[in-house]
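> fold the following.
(one chain, ligands or ions: 1)
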Amino acid sequence: MTLPRGFKTQAERIAEELRARVGATNSKPLNLTAVAEQLDVQVISAADLVPLERLQEIERIQTYAFSACTFEINERHVIVFNPLMSAGRQASDIAHELAHIILDHELAEIQYLDGVPFRTCQPGQEEEATALGGTLLLPRKLLLQHAREDAAIEQIARKFGVTRKMAQYRWNTTGVERQVARERSRRNAQR
Ligand SMILES: [Zn+2]
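I've put the predicted structure just below:
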């Protein structure tokens, strides 16, 4: 599956605009609660709906069976996340769900969590949500700044409260390392 042409640029623009609205900076983790509020989306822990023991049981039966999902109550989007995930993983999951809402994706299939129906998106839209979610957490400009400062992936992950996997994914897809290498070789050539 490939992203539609121009999607990455569009995602960067959306992220920049939304991040500005919540006063996000390139030195602190994005406040996802503030982003959700801006979008009039409610974010709740699954432990508020289902007993924690039941969540642990679901997790035991199938690891990562449930990360986060979105449903609609009285025309308002509600994102339910799994509190058993690491904080970094929760950030990826919530950002992914917010991205579905921003992109106005159709919530199609129905999934059940302990008898509670949740609608999930079509597979074709998953990649877009992952790409935009990642862009919200780590926009290209932020990564470029850190690449110029020789920051390591691990450092970026820690600084912005995301998983190493997310930091690596954004690092690779934005190509910031290549850009910095080109900038440096050009500078050296001028000397
Ligand atoms: Zn999704």
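> got any ranges where the chain has weak pLDDT?
1, 64-65, 108-123 (pLDDT under 70).
> which stretches of it form helices?
Secondary structure of the chain (DSSP state H): helices located at 7-21, 32-38, 52-61, 87-102, 123-137, 140-148, 153-160, 164-174, 176-190.
> among those, show me which one is buried the most.
Highest mean neighbour count among the helices of the chain (mean count of other CB atoms under 10 Å): helix 87-102, with a mean of 22. For the C-beta atoms, the positions are set from N, CA and C on the backbone; glycine is no exception.
> show me what that helix is packed against.
helix 32-38, strand 68-73, strand 76-81, helix 123-137, helix 164-174 (3 or more CB pairs under 8 Å, 6 or more residues apart in numbering; DSSP states H and E).
> kindly export that helix (C-alpha atoms) in CSV.
What follows is helix 87-102 as a C-alpha-only set of coordinates in CSV (Å, rounded to 0.1, in the frame of the first residue of the first chain):
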residue,chain,number,x,y,z
ALA,A,87,3.2,5.6,27.4
GLY,A,88,5.0,5.8,24.0
ARG,A,89,2.8,3.2,22.5
GLN,A,90,-0.3,5.0,23.8
ALA,A,91,0.9,8.2,22.1
SER,A,92,1.2,6.4,18.8
ASP,A,93,-2.2,4.8,19.2
ILE,A,94,-4.0,8.0,20.2
ALA,A,95,-2.3,10.1,17.4
HIS,A,96,-3.3,7.4,14.9
GLU,A,97,-6.9,7.6,16.0
LEU,A,98,-6.9,11.4,15.9
ALA,A,99,-5.5,11.2,12.4
HIS,A,100,-8.5,9.0,11.3
ILE,A,101,-10.8,11.7,12.7
ILE,A,102,-8.9,14.6,11.1
